[in-house]
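J.: Got a predicted structure plus its sequence, pasted below:
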Amino acid sequence: MTPKIIVISGPTASGKTALGVALCQKLGGEVVSADSMQIYRRMDIGTAKPTPEEMQGIPHHMIDVADPEENYSVARYVEEAASCVEDILNRGKLPVLVGGTGLYIDSLLSGRTFAGGPVDPALREELNERYDEIGGRGLLGELRKVDPERAAKLHEADKKRIVRALEVYILTGKTITQHDLETQAIPPRYDAAKLALDFEVRQDLYDRIDRRVDRMFEQGLMDEVRSLLASGVPASCTAMQAIGYKEAVGAVSGACSETEAAEKIKMESRRYAKRQLTWLRRDPAIEWHRFEKTPDLNEALRHSTEFLRTLGIE
RNA sequence: GGCGCCAUAGCCAAGUGGUAAGGCAUGGGACUGCAAAUCCUUGACCCCCGGUUCAAAUCCGGGUGGCGCCU
């Protein structure tokens, strides 16, 4: 089976956008973003959203598809992104999935479905409260009674996952363990050629991140955040939990200085990059391109096309 | 030059005689409807030399380094 879709991933600030556009130009493709924060409108600077100049006329999908106050989710992403991909394929073009949100990429490619229909906010709230009341050990104990396998994998402090596991069971009568087994059994939705970018030396990536954050402030990150808040976007919503935004909110409110916020953003971005790498590294199918010191787009492009050729894409 | 204070992991920092809390960072890992989120995990023999003691990061002396004050 020939891969029908290309994936370009890597940690933040590794040069995914540029490579994605270059490959699209070369292969007649369109970009489908796989970034959990660039989906929000009016959040441009802090998410390092590609500018029109960077896009170079290549269509970009799954960017600016939601308002910051909306509750977006993987499930919604999979649904919407899949229809973008289908549309691109139907027009005889090549979908190029570009982004750093590993969960979104894997979920889309696998065709994963999520258990239990729409989330029931009341139930989730109830479970969260119960967790606070009886503690992690207590709630994990309750999960153990219905789904011992899942309970064994979760740490008592992992509130989110304990709550979700219980939620799935209550909503569907099926354990999340069983649901996972069922979805794992279905064949992947797309056969993808996966590329990821990284640096030979971690510090080089971190240096890039630092510079990018400085640039965000020069470009007016603070104003962007001020206007989001002024337009009524609550500081508590998911979108505002994004790195860069929650810290800038602190500076806007006077809780810390702008310099302190910048330092915090750099640090959080480094940690995020590390988590992204952890996620990507466990996928043996990924072809890595590691930059020496400075990102060399031509090098990456050559490596990529060579790799794609071996898979029959050119 | 004199007096005083301090010297514990990359940083902050507890510990005043029995063999090194904690926080942050860093590295590693997890991850099936909030994922840029959430969670797990990770290190030092205590500035140097000598002394006291069964036993010193902890007491004494000296050295070095830093900070403050004075002349």
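T.: Nice, I can see it. Residues are numbered from 1 along each chain as shown, chains lettered A, B, ... in the order given.
J.: Distance check, residue A:100 against RNA strand B.
T.: The gap separating residue A:100 from RNA strand B is 6 Å, by C-beta to the nearest atom of the strand, to the nearest Å. C-betas here are computed from N, CA, C, even on glycine.
J.: you'd agree that residue is in a helix?
T.: No - Residue A:100 is assigned coil when assessed by DSSP: H, G, I helix; E, B strand; the rest coil, not a helix.
J.: Next one: it, what pLDDT does it get?
T.: pLDDT recorded at residue A:100 is 97.
J.: And for the one 3 residues further on?
T.: pLDDT, the model's per-residue confidence, is 98 for residue A:103.
J.: cool, and the one 4 residues further on?
T.: Looking at residue A:107, its pLDDT reads 97.
J.: For it, which residues are in contact?
T.: A:74, A:77, A:78 (C-beta atoms under 8 Å, 6 or more residues apart in numbering).
J.: Which helix or which strand is home to it?
T.: helix A:102-110 (DSSP states H and E).
J.: Relative to the whole chain's centre, how far out is that helix?
T.: 9 Å (C-alpha atoms, centre = their mean, to the nearest Å).
J.: near RNA strand B, anything from it?
T.: Yes - residues of helix A:102-110 contacting RNA strand B under C-beta under 7 Å from any atom of the strand: A:102, A:103, A:104, A:107.
J.: and these, which two are the farthest apart?
T.: Distances among the residues of helix A:102-110 next to RNA strand B were taken as C-beta to C-beta; the most separated pair is A:102 and A:107, at 9.2 Å.
J.: circling back to that earlier point, with respect to residue A:159, which of the contacts of residue A:107 is nearest?
T.: Closest approach between these and residue A:159, by C-beta to C-beta: residue A:74, at 18.1 Å.
J.: With residue A:108 as the reference, measure out to that closest one.
T.: In this view, residue A:74 and residue A:108 are 9 Å apart by C-beta to C-beta, to the nearest Å.
J.: Those two: which is more packed in?
T.: residue A:108 (30 against 16; other C-beta atoms under 10 Å).
J.: Nearest to the spatial middle of chain A, which residue is it?
T.: Chain A has residue A:101 as the residue nearest its centroid, 1.9 Å off, counting by C-alpha atoms, centre = their mean.
J.: ok, that one - contacts?
T.: The contact partners of residue A:101, taken as C-beta under 8 Å, 6+ apart, are A:34, A:35, A:36.
J.: pLDDT at the last one, what is it?
T.: So the one you mean is residue A:36. The model reports residue A:36 with a pLDDT of 98.
J.: which residues touch it?
T.: Going by C-beta under 8 Å, 6+ apart, residue A:36 touches A:72, A:77, A:101, A:103, A:104.
J.: Residue A:204 is in contact with residue A:11, correct?
T.: No - at 11.5 Å, residue A:11 does not count as touching residue A:204 under the criterion of C-beta atoms under 8 Å.
J.: and residue A:112, what helix or strand is that in?
T.: Counting by DSSP H and E, residue A:112 is part of no helix or strand.
J.: Quick check: residue A:209 vs residue A:12, distance?
T.: Applying C-beta to C-beta to residue A:209 and residue A:12 gives a distance of 7 Å.
J.: I meant to write residue A:182 there.
T.: Distance from residue A:182 to residue A:12, by C-beta to C-beta: 33 Å.
J.: Same question for residue A:86.
T.: Taking C-beta to C-beta, one finds residue A:86 at 28 Å from residue A:12.
J.: now swap in residue A:105 and tell me
T.: Distance from residue A:105 to residue A:12, by C-beta to C-beta: 14 Å.
J.: Name the residue in these two with the higher neighbour count.
T.: residue A:105 (26 against 19).
J.: for the more buried one, what are its contacts?
T.: So residue A:105 contacts A:7, A:9, A:34, A:97, A:99 (C-beta under 8 Å, 6+ apart).
J.: What of residue A:94?
T.: Counting by C-beta under 8 Å, 6+ apart, residue A:94 makes contact with A:5, A:6, A:24, A:27, A:28, A:29, A:30, A:88, A:313.
J.: Now it. Nearest residue, chain neighbours left out?
T.: residue A:29 (3.7 Å; C-beta to C-beta, 6 or more residues apart in numbering).
J.: Report the secondary structure state of residue A:97.
T.: Residue A:97 ends up strand, using three-state DSSP.
J.: and it, bridged to which residues?
T.: Counting by DSSP bridges, residue A:97 is bridged to residue A:7, residue A:32.
J.: phi, psi of residue A:38?
T.: phi -70, psi -10 (degrees, to the nearest 10).
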